[in-house]
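**Student:** Test case, fold it:
(chains A, B, C and D)
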Number of protein chains: 2
Amino acid sequence: MKKTITIHDIARMANVSSATVSRVLSNSTYPVSAAKREKILRIAQEVNYIPNLLGKQLKTNTSMSLGVIIPSITNPFYSSVILGIEEIARENQYQVLLCNSHHDPKLEIDYLQTIFEKQVKGLIISSISLDTKLLKSFIDMGLNVIALDQKIDAEGVCQIEFDYLKGGYMATSHLIARGHKKIGYVTAPLNRPSRISIHQGYLNAMQEHGLEPMVRVSEHEHVYDGIYEFDNGKRLTRELLDLPERPTAIFACNDMTAFGVINELANDGIQVPEDMSVIGFDGIEFGKMTTPPLTTIKQPDYEMGRLACKILLEMLGGGRKSELDMVLQPKLVERRSVARLGK
Amino acid sequence: MKKTITIHDIARMANVSSATVSRVLSNSTYPVSAAKREKILRIAQEVNYIPNLLGKQLKTNTSMSLGVIIPSITNPFYSSVILGIEEIARENQYQVLLCNSHHDPKLEIDYLQTIFEKQVKGLIISSISLDTKLLKSFIDMGLNVIALDQKIDAEGVCQIEFDYLKGGYMATSHLIARGHKKIGYVTAPLNRPSRISIHQGYLNAMQEHGLEPMVRVSEHEHVYDGIYEFDNGKRLTRELLDLPERPTAIFACNDMTAFGVINELANDGIQVPEDMSVIGFDGIEFGKMTTPPLTTIKQPDYEMGRLACKILLEMLGGGRKSELDMVLQPKLVERRSVARLGK
DNA sequence: TTGTAGGCGTTATCAC
DNA sequence: GTGATAACGCCTACAA
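**Tutor:** Got it, this is the predicted structure:
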């Protein structure tokens, strides 16, 4: 294993001081004679010099890394978010430290701590459980944080939220506009702000049209997991089908759940959208690949990641320190799982 | 913004030397009197001391980070791999630096360089394009690398491969065992070892039973992307359906492509598995959620990630430096997209 | 334009 | 047990 080469080695070989080498090799604007510059560059090349960023970072007190804490990377919504984050980070020479919290508050805290110890100055986090006191203390010590998707009630964090209420309202209104009156809503437990809002949006739309809500909520979840959502969709749909008066359309709190709905319907020989309309929520890529493709409410995942990272980098650059909050808007994506009633 | 506190500050406050503080706070086994230890711990607690890992890492020449370079996190296969990696990493106090290469050789090199400059000593990479000379030089300088899924021809890298040939053979044999004789194979371009192997496995099985291959290959891909695969599946299925003699079963080179196959069939009113059997390859989670659930060949993604990380950590721990290569085995996952012919 | 020297925060080697 | 002190590799006043 080769010995690693430092600027001092190069300085010796080039008969200059390590300061000069540093100035050349760190692309500083500091003036260095063309001859020496060229010589240093040549030697660095020859000996295959690799800078040790730890030294630089210790000195300058910057780690070119960003922390990202999300529940789970296998959730396609979050993997798109990360893709967006990482893309912007890369363009700015930053790298991403990935942390899957699994919604575990203890893990979140551990990650937060380690990240900060590594002198990471920027964090994007989607959390519902984080101790805001702790977060606040890190912010006081210079951490810049962006709360994604899930609101965090702490001063100084920039919020990028999503209008779940409007999304729920939009989905329901779409079904109503298509002539549906008996519209079922199936949802995971109402134990998160986002879920509560979607549900409320549904209720608002129904009430506005004098329609009777038909809601089915699954019991408390233990693990967050795609198959869990899928099974929820199946089970709750079963309940809806067993009703004396079945709905003509089902709205699911997320796309995975909607896949479960469609599956259960298919098992019963019920055609979508001919016999039953289905609408989801999230707009994950896989919705395009189901049969039929899923009509849904799009939450801009990839764009959300890009935006979050851009803002974070601005904050790091000393730009806007001001609290900037924003609410991203839902968008209806019409595919083929919703039919006009009585067509 | 508060001033950050160092061990020297604590040393001053406790009337001890910074060496003693370091010994206590870094959990060294070095003997320190109980009284001082207790005092130092108390003060550190009071002033909310946060160690600066950059200092430690510079001194000890270790960054507790691992690099992971994969094509794209939005590919569910890779997101499962990453989940596995990150889990094991976390259990060992390591963190993951995530890099999406999009199969771009230039990006891969950039990432590799940066990672190494950050003094990362362990890398897990899935690449088909990496310059092995460069990689070799990093290995010589102390980088430990594990090639995942895609073989890298460089001395000193540990390979964790997957038996694609056997997988392709298994899928085809399964269809044959179910009574199918006219079996179509649809695939993305045969420009990667893995794809070539699956294809070959198919050919082997067909030949072994004296069956005539029916292969459809899509033209060169530009972007790697789920929808691209899906569309491939649709288009190639179309070709198969337009044949004078249609197949009774279709084998797709991956699950996303298989979803496209199923979709195109459904658009034609062809029922799966009643009118046509379909089998995929990968075993991603979503295969459980389609209608019908997709029979497929499982490639152990999550377990692969865990295994890779475990081995990497062993290498880092100075354990096995020996070249250890392994080939993970495929597994048939029977769900409901394959029917026995003439049942 | 160049070099000297000090320091970033930590650990490790020595003496005591 | 404990404390100076010297690194680790780099940057950056400041002086020349």
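**Student:** beta partners of the residue nearest to A:Ser277 when sequence neighbours are not counted?
**Tutor:** Excluding its sequence neighbours, the residue lying closest to A:Ser277 (CB to CB, 6 or more residues apart in numbering or on different chains) is A:Ala249, at 3.9 Å. (Each C-beta comes from the backbone N, C-alpha and C, glycine too.) Taking DSSP bridges as the rule, A:Ala249 bridges to A:Ile183, A:Ser277.
**Student:** residue at max distance from the center of chain A?
**Tutor:** A:Asn15 (51.5 Å; CA atoms, centre = their mean).
**Student:** Over to A:Pro105: give its phi and psi.
**Tutor:** Dihedral angles of A:Pro105 (phi, psi; degrees, to the nearest 10) stand at phi -60, psi -40.
**Student:** pretty sure it is in contact with A:Ile128, am I right?
**Tutor:** No: judged on CB atoms under 8 Å, A:Pro105 makes no contact with A:Ile128 at a distance of 9.2 Å.
**Student:** Quick check: chain neighbours aside, which residue is closest to A:Thr187?
**Tutor:** A:Cys253 (3.8 Å).
**Student:** Dihedrals phi and psi, that neighbour?
**Tutor:** phi -70, psi -20.
**Student:** I'd assumed A:Val96 was in a strand, is it?
**Tutor:** Yes: assessed with DSSP: H, G, I helix; E, B strand; the rest coil, A:Val96 lies in a strand.
**Student:** Please name the residues that touch it.
**Tutor:** Residues in contact with A:Val96 (CB atoms under 8 Å, 6 or more residues apart in numbering or on different chains) are A:Ser65, A:Leu66, A:Gly67, A:Val68, A:Ile82, A:Ile85, A:Glu86, A:Ala89, B:Leu97, B:Leu98.
**Student:** and the third one, which of the three is it?
**Tutor:** So that's A:Gly67. Taking three-state DSSP, the label given to A:Gly67 is strand.
**Student:** Quick check: residues of the stretch 201-343 of chain A near chain B?
**Tutor:** Listed as neighbours of chain B in the stretch 201-343 of chain A under the rule CB under 8 Å from any CB of the partner chain: A:226-227, A:230, A:256, A:259-260, A:262-263, A:266, A:285-286, A:288-293.
**Student:** ok, now with 10 Å
**Tutor:** A:225-227, A:229-231, A:233-234, A:255-256, A:258-260, A:262-267, A:272, A:284-286, A:288-293, A:301-302 (CB under 10 Å from any CB of the partner chain).
**Student:** Restricted to helices, list those.
**Tutor:** With DSSP state H as the criterion, helices contain A:226-227, A:229-231, A:233-234, A:255-256, A:258-260, A:262-267, A:301-302 from among these.
**Student:** of all the contacts of A:Val96, which comes closest to DNA strand C?
**Tutor:** Sorting those by how near they are to DNA strand C, with CB to the nearest atom of the strand, puts A:Ser65 at the top with 16.6 Å.
**Student:** Selecting buried members of the residues of the stretch 201-343 of chain A next to chain B in PyMOL, what would you type?
**Tutor:** Only the buried entries of these go into this PyMOL selection, using 16 or more other CB atoms under 10 Å in any protein chain shown:
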select buried, chain A and resi 225+226+229+230+231+233+234+255+256+258+259+260+262+263+264+265+272+284+285+286+288+289+290+291+292+293+301+302
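**Student:** what's stretch A:15-23 in contact with?
**Tutor:** A:6-14, A:24-25, A:28-33, A:36-37, A:39-41, A:43-44, A:49, A:51, A:56 (CB atoms under 10 Å, 6 or more residues apart in numbering or on different chains).
**Student:** picking up where we left off before, which one's more surrounded, A:Pro105 and A:Ile128?
**Tutor:** Neighbours were counted for A:Pro105 and for A:Ile128 using other CB atoms under 10 Å in any protein chain shown; A:Ile128 has more, 17 against 13.
**Student:** Am I right that the more buried one sits in a strand?
**Tutor:** No: counting by three-state DSSP, A:Ile128 is not part of a strand but coil.
**Student:** ok, how many other residues are close to the closest residue in space to it that isn't next to it in sequence?
**Tutor:** What sits nearest to A:Ile128 in space, not counting adjacent residues and going by CB to CB, 6+ apart, is A:Gln150, at 5.0 Å. Per other CB under 10 Å, the neighbour tally for A:Gln150 reads 18.
**Student:** these two touch, right, A:Gln150 and A:Pro193?
**Tutor:** Yes: between A:Gln150 and A:Pro193 there is a contact under CB atoms under 10 Å: 6.9 Å.
**Student:** And the residue nearest to A:Thr187, what's its pLDDT?
**Tutor:** A:Cys253 carries a pLDDT value of 97.
**Student:** measure it to A:Gly142 for me?
**Tutor:** 38 Å (CB to CB, to the nearest Å).
**Student:** Give me the residues contacting the helix-or-strand element of chain A with minimal mean pLDDT.
**Tutor:** Sorting the helices and strands of chain A by mean pLDDT, DSSP states H and E puts helix A:132-140 at the bottom, at a mean of 91. For helix A:132-140, the surrounding residues in contact (CB under 10 Å, 6+ apart) are A:108-109, A:112-113, A:115-116, A:123, A:125, A:127, A:131, A:143-145, A:147, A:152-157, B:1-2, B:48, B:50.
**Student:** If I take the helix or strand that comes right after it and helix A:132-140, what angle do their directions form?
**Tutor:** The helix or strand immediately downstream of helix A:132-140 is strand A:144-148, counting by DSSP states H and E. Here strand A:144-148 points in a direction 140 degrees away from that of helix A:132-140 (axes from the mean of the first three to the mean of the last three CA atoms, to 10 degrees).
**Student:** touching chain B at all, strand A:144-148?
**Tutor:** No: using CB under 10 Å from any CB, strand A:144-148 never reaches chain B; the gap is at least 11.2 Å.
**Student:** partner strands of that strand, parallel or antiparallel?
**Tutor:** Short version: by DSSP bridges, strand A:144-148 pairs with strand A:122-125 (parallel), strand A:158-162 (parallel).
**Student:** Is the nearest residue to A:Leu41 once chain neighbours are set aside part of a helix or strand, or is it coil?
**Tutor:** Using CB to CB, 6+ apart and skipping the chain neighbours, the partner closest in space to A:Leu41 is A:Val24 (6.5 Å). Recorded secondary structure, A:Val24: helix (three-state DSSP).
**Student:** ditto for the one 5 residues further on
**Tutor:** The assignment at A:Thr29 comes out as coil when based on three-state DSSP.
**Student:** distance of it from A:Pro51?
**Tutor:** From A:Thr29 to A:Pro51 the distance is 18 Å (CB to CB).
**Student:** With neighbour numbers in mind, choose between those two.
**Tutor:** A:Pro51 (17 against 6).
**Student:** May I see the buried residues of stretch A:233-247?
**Tutor:** Under 16+ other CB under 10 Å, the buried positions of stretch A:233-247 are A:Gly233, A:Lys234, A:Leu236, A:Thr237, A:Leu240, A:Leu241, A:Pro247.
**Student:** my bad, should have said stretch A:194-209
**Tutor:** A:Ser194, A:Arg195, A:Ser197, A:Ile198, A:His199, A:Gly201, A:Tyr202, A:Leu203, A:Asn204, A:Ala205, A:Met206.
**Student:** just to confirm, which helix or strand has the closest residue to the fourth one other than its chain neighbours in it?
**Tutor:** Yep, that's A:Ile198 we're talking about. Leaving aside its sequence neighbours, A:Ile198 sits nearest to A:Gly168 (CB to CB, 6+ apart; 3.7 Å). Using DSSP H and E, A:Gly168 sits in helix A:164-177.
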